[in-house]
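Enquirer: no sequence on this one, just coordinates:
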């Protein structure tokens, strides 16, 4: 199986090998995860031109080792997507990430198309969040600052998302910009990684 490579969008290779459609799995066996890991490691080390542009080879090897260890248990496609997103973010290459677009319908429905989205678009200033457009019938005024979601301070939410976001080097300013939710893209980072933080929005503090 090539589940891992199907998740990744890497500038140097076609990652959905042989046009294989990868469906959602509630439990992926360890042996398949480890086989895919070896393919992933080989492809990245042999063909990724920027693999050690921002991190030295020893650090990158430690990231591979950590990922291999984390794949020593069965996991769902959602868990794998989150784990791989964190791994690719450690490489600090803005062109290497888990793609939203080249997935099967079942993957999109189970990871990206859940009903856990915020009912507004948003923009960020440093680590503060503001409503851009209210897309619900709730009394949310545009321009209002969101202080917390489900009693979690916005700054903590942003900090928890940063380890999953693509970007070149240590430019967290660019990563924060990428967290802004414009509503223009079919898939956006904030919506995608909100599943890491909370299943539903139960409470907003403005």
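Expert: Ah, there it is. Keep in mind that what you see is a predicted model, and the values were worked out from it rather than measured.

Enquirer: And for the helix or strand containing residue 130, what's in contact with it?
Expert: Using DSSP states H and E, residue 130 maps to strand 128-134. By C-beta atoms under 8 Å, 6 or more residues apart in numbering, the residues outside strand 128-134 that reach it are 119-124, 140-146, 154-155, 158, 181-183, 206. For the C-beta atoms, the positions are set from N, CA and C on the backbone; glycine is no exception.

Enquirer: now do 10 Å
Expert: 118-124, 140-149, 154-155, 157-158, 179-183, 190, 204, 206 (C-beta atoms under 10 Å, 6 or more residues apart in numbering).

Enquirer: Of those residues, which belong to helices?
Expert: Among the contacts of strand 128-134, the members found in helices (DSSP state H) are 154-155, 157-158, 190.

Enquirer: What's the PyMOL syntax to select whichever of those are buried?
Expert: Buried residues among those (16 or more other C-beta atoms under 10 Å), as a PyMOL selection:
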select buried, resi 154+157+158+190
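
Enquirer: Closest one to residue 60 out of the ones in helices among the contacts of strand 128-134, please.
Expert: residue 158 (26.0 Å; C-beta to C-beta).

Enquirer: From residue 181, how far off is the closest one?
Expert: According to C-beta to C-beta, to the nearest Å, residue 158 and residue 181 sit 12 Å apart.

Enquirer: what sits in contact with each of those two?
Expert: Shared contacts of residue 158 and residue 181, counting by C-beta under 10 Å, 6+ apart, come down to 124, 129, 190.

Enquirer: Ignoring the adjacent residues along the chain, who's closest to the last one?
Expert: Among residues not flanking residue 190 along the chain, residue 181 sits closest, at 4.6 Å (C-beta to C-beta, 6 or more residues apart in numbering).

Enquirer: moving C-terminal of the helix or strand bottoming out on mean pLDDT in the chain, what's the next helix or strand?
Expert: For the chain, counting by mean pLDDT, DSSP states H and E, strand 8-9 ranks last in confidence among helices and strands (a mean of 54). Using DSSP H and E, the helix or strand that follows strand 8-9 towards the C-terminus is helix 30-47.
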